[in-house]
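Chemist: coords below, sequence missing:
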């Protein structure tokens, strides 16, 4: 048979026999199309398709395009399939590879969480209060002893706040009108103001929101703040709504982390995060110095953030969420008690900030960056940190200082919670950051004060308003809160954000040209 021999293992043949007469017969041998139901290894196909049980129309179209392009590039035209030039195992293997690649592509991109946009609330000009006006207000209230007034004056001139921060009407009224209705008015003004700006910026309709996460530590009315938003914007009845309370200034990043997990479990969804704090019912009129600190640094503010896991939103989003790291040191009593709401000796309620706060914050930060470091630092920095650890802990070498990794190699921008000048000074020293890196935090503290969990977004808005964010830049947000907690979020810019590109919802719209200010000569 020689060169005309047939490889029986590679061909699927059939034979037909016709008898011409009693002494002769004609045998025809022909190829048949493969019996895919029997020959294709279905386990590979099931593996590729099983992941796509929730595929939508876009996924199917993407898969079809992928298959068509692959066949075209490899020269495996469909006509060749029809002419029987491919055997079953080759076809099965090709399909399995392509389906696996499609599933891998879908898995990689479906897990991405994008920050479409965010908006910060800027109160009306009538709510502005200068340092001197604040001190005059405290004097005229008649609720403070002379020593307490002097203490507040001393703190206010050193805390880093300027003359354009905001307080709600209930506190600045004469006399103060601290009641539930005023607290609700403050909450509505902040939340709805930020959300209106966000919806206007993104073009997303309230009915499109699938997940809502609201955080506010000290004001938890019934119905909840999240219910207030659902009612005001007439959100869908099947919305996944969450209201976080009592979690301190780092609750904004806890909300982002929660929204991230919910988005992973709910494909093709929008998540709305609203971070704020309410001052009206939490103003302290006693004389305990540890509680008076909050009066001097906390101010009115809030921010709304729109997150999405829709691949189609990538091109219009600002950032992609890369990492979230949460550290909770509440198991230790000293950490647990360092930020504590309680009654003073006269029965007046306030939030006490303990003397150990800076040490506790430093310890929580060290734990947090130990987890975050391997995710973001170059290998050279990780090696130096590891060698330092070995020399100190294993070899017991005295005099070896802990190696502080250079996080400037991992991030272009830093948004550190504007909790107060002392906090920022300590973090700048520990992380060895420049004044340029600290500028967004210091200027936010000066312009808006400590707005609790929303301060990180005022800082990012400052960085954008200065035109500093370029495509590929990485942003590190760090926040501290009661409990005691230290939380981090890492974002990567998906596109360039040129200066003055979008002012709706940016609280720096009328003041960015005045910053940075020289804090040594400023009123604060």
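Modeler: Happy to help now that I have it. Predicted model, so just to flag it, every value in this text is computed and none were measured. Numbers count the residues shown, from 1 in each chain.
Chemist: ok, residue 493 touching residue 321?
Modeler: No: in this structure, residue 493 is not within contact of residue 321 by C-beta atoms under 8 Å, at 11.7 Å. (Glycine included, C-beta is placed from N, CA and C.)
Chemist: Now do the SS call for residue 144.
Modeler: At residue 144 the chain is in coil, as set by DSSP: H, G, I helix; E, B strand; the rest coil.
Chemist: was I right about it contacting residue 285?
Modeler: Yes: if you go by C-beta under 8 Å, residue 144 and residue 285 touch, sitting 7.4 Å apart.
Chemist: Quick one: neighbours of the closest residue to residue 159 other than its chain neighbours, just the number.
Modeler: Of all residues not flanking residue 159 in the chain, residue 297 sits nearest, at 5.1 Å (C-beta to C-beta, 6 or more residues apart in numbering). Using other C-beta atoms under 10 Å, residue 297 is surrounded by 21 other residues.
Chemist: Ramachandran coordinates for residue 297?
Modeler: The phi and psi values for residue 297, taken as degrees, to the nearest 10, are phi -120, psi -20.
Chemist: Enumerate every residue touching it.
Modeler: By C-beta atoms under 8 Å, 6 or more residues apart in numbering, the contact list for residue 297 reads 155, 159, 161, 419, 420, 449, 450.
Chemist: Repeat that for residue 117.
Modeler: 198, 201, 202, 306, 317, 318, 502, 505.
Chemist: Would you check which pair of those residues lies furthest apart?
Modeler: For the contacts of residue 117, the maximum inter-member distance is 15.1 Å, found between 317 and 505 (C-beta to C-beta).
Chemist: name the element the spatially most central residue of the chain belongs to?
Modeler: Per C-alpha atoms, centre = their mean, the C-alpha nearest to the average position across the chain is that of residue 256, at 4.4 Å. If you go by DSSP states H and E, residue 256 is part of helix 251-265.
Chemist: got a list of contacts for that helix?
Modeler: Identification of contacts with helix 251-265 by C-beta under 8 Å, 6+ apart yields 111, 113, 211, 213-217, 240, 242, 244, 247, 269, 271, 273-275, 303, 305, 307-309, 321, 324, 326, 452-454, 456-457, 477, 479, 481, 485, 487-489.
Chemist: surely residue 414 meets residue 474?
Modeler: No: Residue 414 lies out of contact with residue 474 (C-beta under 8 Å); the separation is 10.0 Å.
Chemist: Residue 356 - how many residues pack around it?
Modeler: Here the count is done by other C-beta under 10 Å, and residue 356 has 14 residues near it.
Chemist: could the contacts of residue 297 be laid out in TSV, adding neighbour count?
Modeler: Output for these, formatted as TSV (neighbours: other C-beta atoms under 10 Å):
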residue	neighbour count
155	17
159	21
161	30
419	26
420	24
449	28
450	25
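Chemist: Which two of those have the greatest separation?
Modeler: The span of the contacts of residue 297, defined through C-beta to C-beta, is set by 155 and 419 at 13.3 Å.
Chemist: more neighbours, residue 317 and residue 505?
Modeler: Between residue 317 and residue 505, counting by other C-beta under 10 Å, residue 505 is the more crowded of the two (26 against 21).
Chemist: How about the more buried one: what's its closest non-neighbour residue?
Modeler: Leaving aside its sequence neighbours, residue 505 sits nearest to residue 119 (C-beta to C-beta, 6+ apart; 2.8 Å).
Chemist: Which parts of the stretch 351-500 of the chain are helices?
Modeler: Shown for the stretch 351-500 of the chain, the helices assigned by DSSP state H, counting those that start in this stretch span residues 357-376, 379-389, 421-431, 435-448, 455-465.
Chemist: got TSV for these, with mean pLDDT too?
Modeler: Putting the helices of the stretch 351-500 of the chain into TSV (pLDDT from 0 to 100) gives the following:
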stretch	mean pLDDT
helix 357-376	92
helix 379-389	88
helix 421-431	92
helix 435-448	97
helix 455-465	97
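Chemist: which of these is buried the deepest?
Modeler: Comparing the helices of the stretch 351-500 of the chain by mean neighbour count (mean count of other C-beta atoms under 10 Å), helix 455-465 ranks first with a mean of 27.
Chemist: Mean pLDDT per helix and strand in this protein: which one sits at the bottom?
Modeler: When the helices and strands of the chain are scored by mean pLDDT, DSSP states H and E, helix 42-50 comes last with a mean of 33.
Chemist: Now, the contacts of helix 251-265 that are in strands?
Modeler: Mapping the contacts of helix 251-265 onto strands (DSSP state E) picks out 113, 211, 213-215, 240, 242, 244, 271, 273-275, 303, 305, 307-308, 321, 324, 326, 477, 479, 481, 485, 487-489.
Chemist: Show me what the stretch of helix or strand residue 170 belongs to is packed against.
Modeler: Element membership of residue 170, judged by DSSP H and E, is helix 169-172. Applying 3 or more C-beta pairs under 8 Å, 6 or more residues apart in numbering; DSSP states H and E, one finds that helix 169-172 contacts helix 180-202.
Chemist: start to end distance for stretch 228-243?
Modeler: When the termini of stretch 228-243 are compared using C-alpha to C-alpha, to the nearest Å, they are 11 Å apart.
Chemist: Same check on stretch 444-456?
Modeler: Taking C-alpha to C-alpha as the measure, stretch 444-456 stretches 9 Å from start to finish.
Chemist: and if you look at stretch 211-219?
Modeler: With C-alpha to C-alpha, one end of stretch 211-219 sits 21 Å from the other.
Chemist: Offset the numbering so it begins at 200, please.
Modeler: Right, with 200 as the first residue, what we last looked at is stretch 410-418.
Chemist: model confidence over that stretch, on average?
Modeler: For stretch 410-418, the mean per-residue pLDDT is 97.
Chemist: what does stretch 342-355 give?
Modeler: On average, stretch 342-355 scores 92.
Chemist: Might you list the low-confidence residue ranges for the chain?
Modeler: Scanning the chain with the threshold set as pLDDT under 70 gives 200-288, 290, 293, 301-309, 698-701, 719-723.
Chemist: ok, back up a step: quick one: which of residue 613 and residue 673 has more around it?
Modeler: Between residue 613 and residue 673, counting by other C-beta under 10 Å, residue 613 is the more crowded of the two (24 against 16).
Chemist: Identify the residues contacting residue 597.
Modeler: Counting by C-beta under 8 Å, 6+ apart, residue 597 has no contacts.
Chemist: could you measure the residue nearest to residue 358 against residue 312, distance?
Modeler: Distance, residue 496 to residue 312, by C-beta to C-beta, to the nearest Å: 32 Å.
Chemist: likewise residue 607?
Modeler: Going from residue 607 to residue 312 by C-beta to C-beta gives 25 Å.
Chemist: And residue 636, by the same measure?
Modeler: Remark: distance between residue 636 and residue 312 (C-beta to C-beta) = 25 Å.
Chemist: Ok, residue 404 next?
Modeler: To residue 312, residue 404 is 20 Å away according to C-beta to C-beta.
Chemist: One more: residue 646?
Modeler: Distance from residue 646 to residue 312, by C-beta to C-beta: 29 Å.
Chemist: ok, now residue 394?
Modeler: According to C-beta to C-beta, residue 394 and residue 312 sit 20 Å apart.
Chemist: so residue 502 makes contact with residue 651?
Modeler: No: in this structure residue 502 lies outside contact range of residue 651 using C-beta under 8 Å: 10.2 Å.
Chemist: Spell out which residues are contacts of both of these two.
Modeler: Common contacts of residue 502 and residue 651 (C-beta under 8 Å, 6+ apart): 474, 475.
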